[in-house]
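Peer 1: everything below, folded, please.
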Amino acid sequence: MDQFLAIAITIITASTPLLIAGLGELVVERSGVLNLGVEGMMVMGAVCGFGAAYATGNPYLGIVASIFGGVFMALLFGFLTLTLLANQVATGLAITLLGLGLSALIGESLVGQPIARLPNFHGIDILIIFSFILTALVSYMLFRTRAGLVIRAVGDNHASAHAMGFGVIAVRYACVVFGGACAGLAGGYLSLAYTPQWVENMTAGRGWIALALVVFATWLPGRLLVGAYLFGAISILAYIVQTFAWGIPSQLLSSLPYLVTVAALVVISGNRQLMRANTPTCLGQSFVPDR
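Peer 2: The predicted model follows:
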């Protein structure tokens, strides 16, 4: 029983950063913006959170700093894509590269330094609980409130939303900032709770997985929760299988979660009716308001 509980907690902690980052990106994409800079925002959140916790000795201040780190990168992305109308795909990739490089520079002196990890009760910390609350809040906001209706209207037809008097750019800025805050918080979870240390590029592609999970979930928060925990479970299963030394190459086992994600995306994408029903029509399209 104790071993089963330990595995369950490990799966939960592995899934939490994916869920938080994925929820932020889901809201961003629902507004019609494609943000490929999630990885860069996550790693900046990780280094800012760790740095603040190391400097102050308070992991809760680290959480706040990680959010600000993600928001800073999100504002930069928003300025380039929403104000200057830069290509969203190219800008997102640039933000990821900037985040990886800048975090390595900022965190150079933090490698190997100890911090007080985020407190937990039998492995369950405040951010794990928050991730479930956030899932419910995002789902309720998107489908039960006027704000959610506006976000979905902007993502589905920004010209019509603008004609109805909605501030398309303002709505998208708000969603991008929210997505950056979630990505930064997810990165902070990695450096403050999951593995309380700073290591260069410690996000290890989780930002890209969060992006894939949004498509896997067909832009629905409940399905995103399932997808994040599925990926987390497969990740931990791969590590467990390696301990039995069954002759399976470790490289194959390490790639198993990513292979499963790709396979799931292929299956989901094949259901064109499902994809058409939920995909934001204006996803990735810039909006220029009439003068």
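Peer 1: show me the contact partners of stretch 201-216.
Peer 2: Applying Cβ atoms under 8 Å, 6 or more residues apart in numbering, the contact partners of stretch 201-216 are 17-18, 21-22, 25-26, 29, 36-43, 46, 96, 100, 103-104, 183, 186-187, 190-191, 195, 223-224, 227-228, 231, 257-258, 261-262, 264-265, 268-269. (Each C-beta comes from the backbone N, C-alpha and C, glycine too.)
Peer 1: ChimeraX command to pick out the buried ones of these?
Peer 2: Provided next is the ChimeraX selection string for whichever of the contacts of stretch 201-216 are buried by 16 or more other Cβ atoms under 10 Å:
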select :17,18,21,22,25,26,29,36,37,38,39,40,41,42,43,46,96,100,103,183,186,187,190,191,223,224,227,228,231,257,258,261,264,268
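Peer 1: so which of the contacts of stretch 201-216 belong to helices?
Peer 2: 17-18, 21-22, 25-26, 29, 38-43, 46, 96, 100, 103-104, 183, 186-187, 223-224, 227-228, 231, 257-258, 261-262, 264-265, 268-269 (DSSP state H).
Peer 1: remind me what the helix or strand hosting Q3 packs against, helices and strands.
Peer 2: Take DSSP states H and E as the rule and Q3 turns out to sit in helix 2-30. Applying 3 or more Cβ pairs under 8 Å, 6 or more residues apart in numbering; DSSP states H and E, we find helix 2-30 packed against helix 38-56, helix 126-144, helix 146-156, helix 168-189, helix 206-216, helix 221-242.
Peer 1: for it, list every residue counted as buried.
Peer 2: So, applying 16+ other Cβ under 10 Å, buried residues of helix 2-30: 10-30.
Peer 1: show me where pLDDT drops low in the stretch 101-250 of the chain?
Peer 2: Confidence mapping of the stretch 101-250 of the chain against pLDDT under 70 gives the ranges 242-248, 250.
Peer 1: what is the burial count for G284?
Peer 2: Neighbour count of G284, defined by other Cβ atoms under 10 Å: 16.
Peer 1: for it, helix, strand, or coil?
Peer 2: Following DSSP: H, G, I helix; E, B strand; the rest coil, G284 is assigned to coil.
Peer 1: check the one 5 residues further on too.
Peer 2: Reducing the assignment at P289 to three states with three-state DSSP gives coil.
Peer 1: do the same with P280
Peer 2: Assignment for P280 (three-state DSSP): coil.
Peer 1: that one against E29, yeah?
Peer 2: Yes. Counting by Cβ atoms under 8 Å, E29 is a contact partner of P280 at 5.9 Å.
Peer 1: between the two, what contacts are shared?
Peer 2: Listed as contacting both P280 and E29 by Cβ under 8 Å, 6+ apart are G155, W219.
Peer 1: tell me which residue is most central in the protein.
Peer 2: What sits nearest the mean C-alpha location of the chain, by Cα atoms, centre = their mean, is A21, with 1.7 Å.
Peer 1: that residue against G180, yeah?
Peer 2: No. Using Cβ under 8 Å as the test, A21 is too far from G180 to be in contact (10.1 Å).
Peer 1: leaving aside the residues next to it on the chain, what's closest to R152?
Peer 2: R30 (5.8 Å; Cβ to Cβ, 6 or more residues apart in numbering).
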